[in-house]
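A.B. asks: sequence and predicted model, in that order:
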Amino acid sequence: MSLLIRHARILTLAQPKNDANPEGGVRPRRGAAMRELGVIARGDVLVAEGKVAAVGTELVAPPDTEVIEADGRVLMPGFVDCHTHACWAGDSLDEWTQLLNGVSSAEILKRGGGIHATVRAVRAATRKQLAASLRSRLDLMLRAGTTTVEVKSGYGLTIEEELKMLHAIQRVKLEWPGTVVLTALLGHAIEGDPAVYTRMVVREMLPVVWHEFPGIAIDASCDEGAWSLEACQRLFERARKHGLPLRVQADQFGSTGMVQEAVTMFARSVDGLESATKADLLTLAASNTFGVMTPATGFHQGGRYARAGAFVDSGGLLALASNYNPHTAPTYSMPLVIALAVRTSGLTPAEAIVACTVNAAAVLGLTDRGTIEFGQRADLILLRHRDERLLAQEFGGNPVDCVVSGGQRVG
């Protein structure tokens, strides 16, 4: 059945053909283009067979078409959350309570808390239990307008447990009405001797994962208390030999040198960047590697935010994500991420919207969504707002009235 959304303020995010974009079509945005939302002040969108069939004014609805009257409200692409750890077991309430009482994160880790507690909970859970908890979280995300979600492994640490996580994510991917993109976060925490453990991951775990999940992106965390620069290099060099996409989380607590390495290795993205130097950000901005920034992490952990506005002004490819996880960013709300990014990181509302739609899709290698144009996948959200700037001004609620995923009304 077809679907027609009438009389909406449409943020198409489409770019016209011009000297800078001679072929038109979907591509990530930089600089001033991040402030161009392709607004149709009052128009219609027709959806058929899961895709956008037409965009215009006063479109004629085919027989048996469901019609949604927008009455001037904002219609925009669904949010793409390109960095999450949404598959986990247990909770972090004891850890959080200790932090509120002045116990440091380092001390909590020494006591076996933090990520180590989550690792134990994941190992105790079955694949079915992990899949069920992930599905519940994804349903919450969908109702808040997120139609495409990247989900990482990383809490297993052994070959068997990492595969259990990835298979749980894969199971949900096949059932959920939105889109799930798997990432193998193989370089996360460390168990035992760092040299022995990282060597096992590179030589044993990585080959098993790429054989089981061909083409999967490989991720690592390069920072204090995580993997060293040298260990990440070894992991990525081997992954590159097999054509696997690379992503890395770096520079949350200090500059590690990972930005330059990621650019050299043509990584898809460097995520985090709260403590990246100006030189690091300029290097990243001059490349085709995305900077993925997660302001909800700063909100929950000490008020340290990446300089997203300066990065955009330098011509960088920017995406925003939730970093949804139980420890450092316990939120699934992309509207909250937008509100935080505008308040804390120097972005305009338009830049933040582009960063969590078309640019975030590009991080995941997806060019069939993030804009509202003929032939694009029909992932759409209808807001209760008539002005998209309210996405940034308001915070704490759900601004989404209606969600369409793959052409189907799901919320």
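C.D. replies: Good, I have the coordinates.

A.B. asks: quick check: residue 157 touching residue 186?
C.D. replies: No: Residue 157 is not in contact with residue 186 according to Cβ atoms under 8 Å; the separation is 9.3 Å. C-beta here means a position set from N, CA and C on the backbone, and glycine is covered the same way.

A.B. asks: shaky segments in this structure?
C.D. replies: 17-26 (pLDDT under 70).

A.B. asks: nearest residue to the middle of it?
C.D. replies: residue 82 (1.7 Å; Cα atoms, centre = their mean).

A.B. asks: quick one: residues contacting that residue.
C.D. replies: 150, 181, 269, 292, 319, 321, 360-361, 363-364 (Cβ atoms under 8 Å, 6 or more residues apart in numbering).

A.B. asks: can you rerun that using 6 Å?
C.D. replies: By Cβ atoms under 6 Å, 6 or more residues apart in numbering, the residues touching residue 82 are 150, 319, 321, 360, 363-364.

A.B. asks: so how far is residue 181 from it?
C.D. replies: 8 Å (Cβ to Cβ, to the nearest Å).

A.B. asks: got it, and residue 300?
C.D. replies: 24 Å.

A.B. asks: and residue 273, by the same measure?
C.D. replies: Relative to residue 181, and taking Cβ to Cβ, residue 273 is found at 21 Å.

A.B. asks: what's the answer for residue 36, then?
C.D. replies: For residue 36 relative to residue 181 (Cβ to Cβ), the value is 26 Å.

A.B. asks: ok, residue 312 next?
C.D. replies: Distance from residue 312 to residue 181, by Cβ to Cβ: 24 Å.

A.B. asks: again, but for residue 188
C.D. replies: 18 Å.

A.B. asks: still on that earlier bit, could you check which of residue 273 and residue 181 is surrounded by more residues?
C.D. replies: Ranked by neighbour count (other Cβ atoms under 10 Å), residue 273 and residue 181 place residue 273 first, with 27 against 22.

A.B. asks: residue contacts, that one?
C.D. replies: Residue 273 neighbours (Cβ under 6 Å, 6+ apart): 251, 291, 306.

A.B. asks: at 7 Å instead, please
C.D. replies: The neighbours of residue 273, taking Cβ atoms under 7 Å, 6 or more residues apart in numbering as the test, are 251, 291, 293, 306.

A.B. asks: the first one: neighbour count?
C.D. replies: This means residue 251. 25.

A.B. asks: ok, now the last one?
C.D. replies: Burial of residue 306, expressed as a neighbour count using other Cβ under 10 Å, amounts to 29.

A.B. asks: list phi and psi for residue 184.
C.D. replies: The phi/psi pair for residue 184 (degrees, to the nearest 10) reads phi -90, psi 100.

A.B. asks: all strands of the stretch 101-250 of the chain, in order?
C.D. replies: Assigned by DSSP state E, counting those that start in this stretch, the strands in the stretch 101-250 of the chain fall at 146-152, 179-187, 217-222, 246-250.

A.B. asks: could you dump those strands to JSON lines with distance to residue 346?
C.D. replies: Converted to JSON lines, those look like this (distance: least, Cβ to Cβ, whole Å):
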{"stretch": "strand 146-152", "distance to residue 346": "24"}
{"stretch": "strand 179-187", "distance to residue 346": "28"}
{"stretch": "strand 217-222", "distance to residue 346": "25"}
{"stretch": "strand 246-250", "distance to residue 346": "20"}
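
A.B. asks: how about those strands, which one is nearest residue 103?
C.D. replies: Closest to residue 103 of the strands of the stretch 101-250 of the chain is strand 217-222 (Cβ to Cβ; 22.2 Å).

A.B. asks: relative to strand 179-187, how tilted is the closest one?
C.D. replies: Note on geometry: by axes from the mean of the first three to the mean of the last three Cα atoms, to 10 degrees, strand 217-222 and strand 179-187 are set 50 degrees apart in direction.

A.B. asks: relative to residue 164, how far out is residue 212?
C.D. replies: For residue 212, the distance to residue 164 - Cβ to Cβ - is 11 Å.

A.B. asks: who's more crowded, these two?
C.D. replies: It is residue 164, of residue 212 and residue 164, that has more neighbours when counted by other Cβ under 10 Å, with 19 against 15.

A.B. asks: quick check: that one touching residue 156?
C.D. replies: Yes: using Cβ atoms under 7 Å, residue 164 makes contact with residue 156 at a distance of 6.3 Å.

A.B. asks: just confirm residue 270 is within a strand.
C.D. replies: Yes: counting by DSSP: H, G, I helix; E, B strand; the rest coil, one finds residue 270 located in a strand.
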